[in-house]
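Asks: Sharing a model prediction with you, sequence too.
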Amino acid sequence: MLLSAKIDFGRVLKSKPINKDHLFKVYAIQNSLKKARLGISLPKDKVKKATNRNKLKRTIRNSLETLSALSADIVFVYISNDEPYDAKIVRESLEHHKNKIKETAEINWKT
């Protein structure tokens, strides 16, 4: 499920990032729903071509499907200036972030 309301997006972004690397900043907070909601921010000035933005969004959504059972609102903010899309590097980064989100949920949210 996607995080679409601007209010919800802002609420998640006000929290402290739970993880950061050269590609993404990741924000996550617990929600009252029984499923995870995902928000993705890919600024046009960082990823110029729409096809690359869409490909990156699909990659993020597909790699995080296993987190759908968490009660969390998760926002990925793309911070890299590297225009060439390298799927292997992105997947490695997403796997690292996914593990960090699970760890945060287990420790802080007692799920």
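Replies: Structure received.
Asks: Listing request: residues of the protein with sub-threshold pLDDT.
Replies: Scanning the chain for pLDDT under 70 picks out the ranges 1, 83-84, 110-111.
Asks: That one: helices as residue ranges?
Replies: For the chain, the helices defined by DSSP state H cover 6-13, 50-63, 87-108.
Asks: Give me the neighbour count for the residue nearest to residue 9 when sequence neighbours are not counted.
Replies: Excluding the flanking residues, the one nearest residue 9 by Cβ to Cβ, 6 or more residues apart in numbering is residue 39, at 5.3 Å. All C-beta spots, glycine's among them, are computed from the backbone N, C-alpha and C. The number of residues packed near residue 39 is 18, by other Cβ atoms under 10 Å.
Asks: which residue is nearest the middle of the chain?
Replies: Nearest to the geometric centre of the chain sits residue 76, at 2.9 Å (Cα atoms, centre = their mean).
Asks: which residues touch that residue?
Replies: Neighbouring residues of residue 76 by Cβ atoms under 8 Å, 6 or more residues apart in numbering: 24, 25, 26, 38, 39, 40, 41, 60, 97.
Asks: how about the residues you listed in CSV, adding distance to residue 3?
Replies: Formatted as CSV, these follow (distance: Cβ to Cβ, whole Å):
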residue, distance to residue 3
24, 15
25, 15
26, 13
38, 6
39, 4
40, 9
41, 10
60, 12
97, 16
